[in-house]
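In: when you get a sec, could you give me coordinates for this:
(4 chains)
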Number of protein chains: 2
Amino acid sequence: MSRVFRALSDPTRRRVLQLLRAGPMSAGDLCLHFDVSKPTMSAHFSVLREADLVHAEKVGKSILYHLKLSVLEEALLGFAQSFGLGVEPPAVASDIVETQR
Amino acid sequence: MSRVFRALSDPTRRRVLQLLRAGPMSAGDLCLHFDVSKPTMSAHFSVLREADLVHAEKVGKSILYHLKLSVLEEALLGFAQSFGLGVEPPAVASDIVETQR
DNA sequence: CTCATGGTTAGATGATTAGCTAATTATCGA
DNA sequence: TCGATAATTAGCTAATCATCTAACCATGAG
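Out: Reported below is the predicted structural model:
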């Protein structure tokens, strides 16, 4: 939990996650969107990996980063829920299959 | 946004917010729940204030801290929403009046 | 095999963080 | 006014963070 929020506390990392919404992207391609060195980006990726917010898939020379939306969802909405915020309890069981992805 | 997530990245601060769910509490009473020095707690309160997650109200010798649930909600659910998360699909317009609070 | 490319590791630096003790400010009660 | 109480500020330390350059590993192309 701490690791997730820590990861989200940096604007660069939040933007990386937003970019990954559109689909997996290589480390290099992600770097093109930011004005910092590659090692710095690599460190950001590492933080995101440790928070389990992304998955790294090695493809040839590249590394594809995938957003783990379910982890983000569980952290954000789970915590919000613990404050009674915004989440509709999925009243009936038949709803559950629709809310689980 | 960064400040909110930064504030939430510490377990002590998250627990403070949870304690404040039940209602306003003085700095001293909050301290009783934690095994750190009062100045350390004061620093945590300061971080929470700067993230606008709590409001400090001076009452006599004490300072009452209030949880600003709406700020927490906006940050958490707003960010989640930007990922298409946690949004009950408000299919029809008549639903909107029920989801807005 | 060698080389260029994609990415991470090593190592350094300046900034920030969480924690402490001691000192300070502010307010209430006697 | 004086003393006790509530909380913050001052000042310190050890650890972590974001960033950089330079060096290093891995892989696909020739």
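
In: for chain A, what lies in contact range of DNA strand C?
Out: Residues of chain A found near DNA strand C (C-beta under 7 Å from any atom of the strand) are A:26-29, A:31, A:38-39, A:41-43, A:45-46, A:56, A:61-63. C-beta here means a position set from N, CA and C on the backbone, and glycine is covered the same way.

In: could you flag which of the residues you listed are buried?
Out: A:26-27, A:31, A:41, A:45, A:63 (16 or more other C-beta atoms under 10 Å in any protein chain shown).

In: among the residues of chain A next to DNA strand C, which lie within helices?
Out: A:27-29, A:31, A:38-39, A:41-43, A:45-46 (DSSP state H).

In: quick one, strands of chain A?
Out: For chain A, strands defined by DSSP state E occupy the ranges A:25-26, A:54-59, A:62-67.

In: looking at those strands, which is closest to residue A:74?
Out: In terms of C-beta to C-beta, the element of those nearest to residue A:74 is strand A:62-67, at 13.4 Å.

In: quick check: residues of chain A near DNA strand D?
Out: Counting by C-beta under 7 Å from any atom of the strand, chain A sits next to DNA strand D at A:6, A:9-10, A:12, A:35-37, A:39-40, A:43-44, A:47, A:58, A:60-61.

In: buried subset of those as a ChimeraX selection?
Out: In ChimeraX, a selection of the buried entries from the residues of chain A next to DNA strand D looks like this (16+ other C-beta under 10 Å):
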select /A:6,9,10,44,47
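
In: a markdown table for the buried ones among the residues of chain A next to DNA strand C, including pLDDT and distance to residue B:51?
Out: As requested, those are arranged in a markdown table below (pLDDT from 0 to 100; distance: C-beta to C-beta, whole Å):
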| residue | pLDDT | distance to residue B:51 |
| --- | --- | --- |
| A:26 | 97 | 34 |
| A:27 | 97 | 31 |
| A:31 | 97 | 30 |
| A:41 | 98 | 26 |
| A:45 | 98 | 26 |
| A:63 | 97 | 34 |
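
In: and which of those residues is nearest residue A:1?
Out: Closest to residue A:1, out of all of those and judged by C-beta to C-beta, is residue A:45, at 20.3 Å.

In: rewinding a little: pick the one among the residues of chain A next to DNA strand C closest to residue A:69.
Out: Of the residues of chain A next to DNA strand C, the one sitting nearest to residue A:69 (C-beta to C-beta) turns out to be residue A:56, at 15.6 Å.

In: contacting residues around the closest residue to the closest one other than its chain neighbours?
Out: Closest residue to residue A:56 apart from its sequence neighbours, by C-beta to C-beta, 6 or more residues apart in numbering or on different chains: residue A:63 at 5.3 Å. For residue A:63, the contact set (C-beta atoms under 8 Å, 6 or more residues apart in numbering or on different chains) comprises A:26-27, A:56-57.

In: centroid residue for chain A?
Out: residue A:53 (3.6 Å; C-alpha atoms, centre = their mean).

In: doesn't residue A:73 make contact with it?
Out: No - Residue A:53 lies out of contact with residue A:73 (C-beta atoms under 8 Å); the separation is 10.7 Å.
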